[in-house]
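Engineer: Predicted structure and sequence below. I'll ask about it afterward.
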There are 2 protein chains.
Amino acid sequence: MQPAVDVPLACRTPLTAPALDDVEAAALAGTLKALAEPNRLKILHRLASAAPDGVCVCDLTDPLGIAQPSVSHHLGVLRRAGLVQRRREASFAYYTLVPGALDRVAALLGERP
Amino acid sequence: MQPAVDVPLACRTPLTAPALDDVEAAALAGTLKALAEPNRLKILHRLASAAPDGVCVCDLTDPLGIAQPSVSHHLGVLRRAGLVQRRREASFAYYTLVPGALDRVAALLGERP
DNA sequence: CATCGATATCGACGGCCGTCTATGGTGACG
DNA sequence: CGTCACCATAGACGGCCGTCGATATCGATG
């Protein structure tokens, strides 16, 4: 804009709000980026609906219609984002939702400062 | 699941849940993809905090630290996603949040089927 | 009418993302 | 001990995304 001493025109807005921090914005964007993918949403939905003790990778490959390494990739993304956790048992890997993780994101989106 | 005829599957999950639809997953992913960007989050935060009648583009360029076309681009993304709306006045463009849009996304993330 | 200021659009460039095949590592089982 | 099933990682490839400068549009102003 211009020096505040001389207002050129009337597009001023009372921008005295906290102004979302850079690291905070990047963090939330990172979590949302992990969520913003159809296959990952399907995975989370499946974990949410049919998992008290977890779902193994082999049960995710077929319904998603993608190769097994791709499923592992998506699970890794969700895990690095802190949205799911892994429990290894024999040669299997059971994935479960991290309790409250999705709710925290939903709360951040819903709050109006 | 041992007694299976020819399938050596040993990991079972009662996956008889609704199984998130393709178009539904793509739609939610699209909205989340629009949200998953730091500058767009900052824009939304600013619209949420300091806007009864809207914020014009010229007041967003400086605090974001990116060029004006980039700001317009992000606003276009948010608008196509149905998250913000535009009100033109003279040569200015005032952007406001679409009421309840963010809450709908938050509700979708928070629901546990 | 000529000009200026505020936005939007265009075209290009670099980087990140999702997918695949191929391969490695690990526990179970005969 | 050799083999097999499950899972993770590595590398490659194509496409989408965020950024920019240049340019077009449109209203106001003189």
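Structural biologist: Done, it's in.

Engineer: Which pLDDT value does the model give residue A:8?
Structural biologist: pLDDT, residue A:8: 41.

Engineer: Is there proximity between stretch A:73-80 and chain B?
Structural biologist: No. Shown here: stretch A:73-80 not in contact with chain B (CB under 8 Å from any CB of the partner chain), separated by at least 12.1 Å. For the C-beta atoms, the positions are set from N, CA and C on the backbone; glycine is no exception.

Engineer: From the rest of the structure, what touches that stretch?
Structural biologist: With CB atoms under 8 Å, 6 or more residues apart in numbering or on different chains as the test, stretch A:73-80 has contacts from A:34, A:37, A:39, A:40, A:43, A:44, A:57, A:60, A:84, A:85, A:86, A:95.

Engineer: cool, stretch A:84-102 as well?
Structural biologist: By CB under 8 Å, 6+ apart, stretch A:84-102 touches A:43-44, A:47-48, A:51, A:53-58, A:75, A:78-79, A:82-83, B:10-11, B:109-110.

Engineer: rewinding a little: can you list the contacts of stretch A:73-80 in CSV and add pLDDT, secondary structure and distance to DNA strand C?
Structural biologist: What follows is the contacts of stretch A:73-80, written out as CSV (pLDDT from 0 to 100; DSSP: H, G, I helix; E, B strand; the rest coil; distance: CB to the nearest atom of the strand, whole Å):
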residue, pLDDT, secondary structure, distance to DNA strand C
A:34, 98, helix, 8
A:37, 98, coil, 4
A:39, 98, helix, 5
A:40, 98, helix, 7
A:43, 97, helix, 10
A:44, 97, helix, 13
A:57, 96, coil, 11
A:60, 96, helix, 12
A:84, 98, strand, 15
A:85, 97, strand, 19
A:86, 97, strand, 14
A:95, 97, strand, 16
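
Engineer: tell me the contacts of residue A:24?
Structural biologist: Taking CB under 8 Å, 6+ apart, one finds nothing in contact with residue A:24.

Engineer: Checking my notes, residue A:88 in a strand, right?
Structural biologist: Yes. Residue A:88: assigned to a strand according to DSSP: H, G, I helix; E, B strand; the rest coil.

Engineer: For it, name its beta-bridge partners.
Structural biologist: Legend: beta-bridge partners of residue A:88 under DSSP bridges are residue A:93.
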